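Enquirer: Everything below, folded, please.
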Amino acid sequence: MKKILIYRHCSLGDFIVSLPAIKMIKDENPNSKIYLGCLKKRDVGYVSPNLIPLKKKIINKYIFFENKPISILKFLKKVKEKKFDKIYYLNEIV
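Expert: Numbers count the residues shown, from 1 in each chain. Here you go, the predicted structure:
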């Protein structure tokens with residue numbers, strides 16, 4: 001089974017906007033395990049993407065990290081260990 005990482009800074013709006021792209025990736029890779037890597041915020045009112053109920057399960061696992069150097073390094077280590085077959089970067093380029 002292939003493993004695919006989708007990376008996105010995910011506040012609620014960002015997550016909702018990225019859902020069509022995530023669904024398209026899942027549809028093109030139906031037997032793959034989809035991981036979403038995103039920043040975990042501690043802000044008041046922040047809604048974590050894993051708490052959003054979806055009709056169809058398009059994301060199998062979430063990999064969160066905080067905006068701290070040690071957390072980012074642990075995230076990168078986990079990405080390396082998982083040996084993903086594909087990685088998609090869904091952030092806008094500014």
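Enquirer: Tell me who's in contact with Lys68.
Expert: By CB atoms under 8 Å, 6 or more residues apart in numbering, Lys68 lies in contact with nothing. To be clear about C-beta, it is placed using only N, CA and C from the backbone, and glycine gets the same treatment.
Enquirer: any idea how far it lies from Lys41?
Expert: Distance, Lys68 to Lys41, by CB to CB, to the nearest Å: 12 Å.
Enquirer: Kindly report the same for Cys10.
Expert: Using CB to CB, one gets 9 Å for the distance from Cys10 to Lys41.
Enquirer: residues near the closest residue to Ala21 other than its chain neighbours, how many?
Expert: Of all residues not flanking Ala21 in the chain, Leu90 sits nearest, at 5.9 Å (CB to CB, 6 or more residues apart in numbering). Residues within reach of Leu90, counting by other CB atoms under 10 Å, total 18.
Enquirer: same question, Met24
Expert: 11.
Enquirer: helices or strands up against whatever helix or strand it lives in?
Expert: Here Met24, judged by DSSP states H and E, is contained in helix 12-28. Helix 12-28 sits against strand 3-7, strand 33-39, with contacts defined as 3 or more CB pairs under 8 Å, 6 or more residues apart in numbering; DSSP states H and E.
Enquirer: rerun at 7 Å
Expert: Packing partners of helix 12-28 (3 or more CB pairs under 7 Å, 6 or more residues apart in numbering; DSSP states H and E): strand 3-7.
Enquirer: Okay, and the beta partners of the one residue sitting closest to the centre of the chain?
Expert: In the chain, the residue lying closest to the centroid (CA atoms, centre = their mean) is Leu36, at 1.8 Å. In this entry, Leu36 is beta-bridged to Ile6, Tyr62, by DSSP bridges.
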